[in-house]
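Enquirer: Below is the sequence, then the predicted model.
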Amino acid sequence: MGERMVDEILRVENLHVSVEGTPILNGVNLIINRGEIHAVMGRNGAGKSTLANVVMGHPAYVITEGSIFYKGQPLEELEVFERARAGMFLSFQYPASIPGVQVGTFLKKSVASVRDEPPKGRAFRKELNAAMEQLSMDKSFLSRYVNDGFSGGEKKRLEILQMLLLQPHLALLDETDSGLDIDALRIVAQGINEVAVNSGCLIITHYQRLLDLVKPDFVHAMIDGVIVRTGGPELALRLEDKGYEWLDVAA
């Protein structure tokens, strides 16, 4: 039992969530173990992003029933900033820009905030260079202001670069593939695949195309705040082909 708990990263049990009194999630159950990639697919408004936001502790989302455990610990025991320190990472659908803050400074500070000791200059530069090389990113990127005037692809690369440096235990990727060209998508997928070796990954997506490059262990179809079907990669192909109507009928 104890050994299994070590490998269990996230457990969601009968989760009901409301926003301003409106129920969004209506009994979600999900277990993510280390080394597993889970994809959640569904129409707009199905509750996919709500799941990611509530795990990271967004204040607008209220858990009305059920529980979330992170590495065996009840999640409500962790403040939002502690969740990042404990190894949780959320990639946003629309990352904010931070004019006046250079990318290099931002990355060093974000790594320092989650590690027990601040990264040393030379060692951190080496680590950063290796990660940037992996993502085919130019060094000039580091002197630009965070997401200021960035294309969609550049914003996503920065998030994936941050994720590679942070090496989270749980990576939540909310529509990280939206609006990306195939080159940017490939680089994003490469970063996810690398991190997923030692992490649990939850990918929220509308599209099959990311899942051609990141092979999920489990695909979950969500309708009206409930996971109605779980399968392997073939479920994503079927959803792409048939839409969600056949699941409405099946459910």
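Expert: Looks like it arrived, so ask away. Residues are numbered from 1 along each chain as shown.

Enquirer: got any ranges where this protein has weak pLDDT?
Expert: The chain contains residues with pLDDT under 70 at 1-6, 92-94, 248-251.

Enquirer: For it, which segments count as helices?
Expert: Assigned by DSSP state H, the helices in the chain fall at 2-7, 48-56, 80-85, 103-114, 121-134, 152-166, 182-196, 209-213, 233-242, 245-250.

Enquirer: next one: the third one to chain centre, how far?
Expert: Okay, so that is helix 80-85. Remark: helix 80-85 is offset 15 Å from the chain centroid, using C-alpha atoms, centre = their mean, to the nearest Å.

Enquirer: Which neighbouring elements make contact with it?
Expert: helix 103-114 (3 or more C-beta pairs under 8 Å, 6 or more residues apart in numbering; DSSP states H and E). Heads up, the C-betas are built off the backbone N, CA and C, glycines and all.

Enquirer: Let me know the angle separating the helix it packs on from helix 121-134.
Expert: Helix 103-114 and helix 121-134 are oriented at 110 degrees to each other (axes from the mean of the first three to the mean of the last three C-alpha atoms, to 10 degrees).

Enquirer: which residues are contacting helix 103-114?
Expert: With contact meaning C-beta atoms under 8 Å, 6 or more residues apart in numbering, helix 103-114 is reached by 84-85, 87, 98, 118-119, 124, 128, 141-146, 158, 161-162, 165-166.

Enquirer: Quick check on these: which are buried?
Expert: Among the contacts of helix 103-114, the ones that count as buried by 16 or more other C-beta atoms under 10 Å are 84, 87, 119, 124, 128, 141-142, 144-146, 158, 161-162, 165-166.

Enquirer: Counting neighbours, what do you get for the residue lying closest to residue 239 once chain neighbours are set aside?
Expert: Nearest residue to residue 239, sequence neighbours excluded (C-beta to C-beta, 6 or more residues apart in numbering): residue 41, at 5.6 Å. Neighbour count for residue 41, taken as other C-beta atoms under 10 Å: 24.

Enquirer: List the contacts of residue 41.
Expert: 48, 205-206, 219-222, 236, 239.

Enquirer: Nearest to residue 173 among those?
Expert: residue 205 (8.0 Å; C-beta to C-beta).

Enquirer: just checking, residue 186 touches residue 213?
Expert: Yes. Between residue 186 and residue 213 there is a contact under C-beta atoms under 8 Å: 6.2 Å.

Enquirer: follow-up on the earlier one: make JSON lines out of the helices of the chain and add distance to residue 28.
Expert: Output for those, formatted as JSON lines (distance: least, C-beta to C-beta, whole Å):
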{"stretch": "helix 2-7", "distance to residue 28": "21"}
{"stretch": "helix 48-56", "distance to residue 28": "6"}
{"stretch": "helix 80-85", "distance to residue 28": "18"}
{"stretch": "helix 103-114", "distance to residue 28": "27"}
{"stretch": "helix 121-134", "distance to residue 28": "33"}
{"stretch": "helix 152-166", "distance to residue 28": "24"}
{"stretch": "helix 182-196", "distance to residue 28": "21"}
{"stretch": "helix 209-213", "distance to residue 28": "20"}
{"stretch": "helix 233-242", "distance to residue 28": "17"}
{"stretch": "helix 245-250", "distance to residue 28": "16"}
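
Enquirer: Thank you kindly, that will do.
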